[in-house]
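> sharing a sequence plus its predicted fold:
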Amino acid sequence: MHNNKIRQCLAGFTVLALFQVSQVQAAACAPASVDKGSKLFAQECSVCHAVQKGVTGMMGVNLNGVAGRTSGTFPGFSYSQAMKDKAVDWKAESLQAFITQPQAFVPGTYMPYTGMAAAEDSAAVACFLTRQ
Ligand code: HEC
């Protein structure tokens, strides 16, 4: 009887913990986060990058569909050797790491951006990029 109560209680905690983990993951790319990422992108990145398909000729490479791409592979863009050699799969985590400190994540990158200090900001931009 007593043991059953403890077991039920532990099961309850497990469910709660799982629920909290899924909440955190969902929050990482919630609509509000995409919206925030979009604004930050407009302020910090759009001077060099477009997210609309087909726009080229800017200093930075086109970022339409960047999530799922390997770094340094957009056809026709002249990347640094460092970005090609990095050959990272762009997804939310790697994008956030790069945005946080480009020169630390890809030493020798041509991207002249010092980085985004606040983790919730870089996460929002990464989240926004995964939707483009
Ligand atoms: C002053 C211009 C400039 C700004 C501002 C800038 N970038 Fe870049 N970005 C570049 C250049 C140039 C490259 C190519 C880097 C290389 O080849 O090493 C690049 C590369 C990238 C890549 C790699 C893409 C690929 O195809 O491998 C990503 C992702 C990226 N930038 C995201 C961002 C984000 C997000 C921001 C804003 C927080 C930003 N950039 C701000 C110029 C810029």
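Noted; the coordinates are in hand. Numbers count the residues shown, from 1 in each chain.

> setting the sequence-adjacent residues aside, check what's closest to V66.
W90 (5.1 Å; C-beta to C-beta, 6 or more residues apart in numbering). Yep, even glycine has a C-beta here, placed from its N, CA and C like the rest.

> P102 now?
M111 (4.8 Å).

> the closest residue to G60 other than its chain neighbours: what's it in contact with?
Excluding the flanking residues, the one nearest G60 by C-beta to C-beta, 6+ apart is C48, at 3.4 Å. C48 makes contact with M58, M59, G60, M111, Y113 under the criterion C-beta atoms under 8 Å, 6 or more residues apart in numbering.

> picking that back up, what is the burial count for the residue nearest to P102?
Burial measure for M111: 21 neighbouring residues, criterion other C-beta atoms under 10 Å.

> look up phi and psi at it.
phi -70, psi 110 (degrees, to the nearest 10).

> can you pull the contacts of it?
Counting by C-beta under 8 Å, 6+ apart, the residues that M111 touches are C48, G60, P102.
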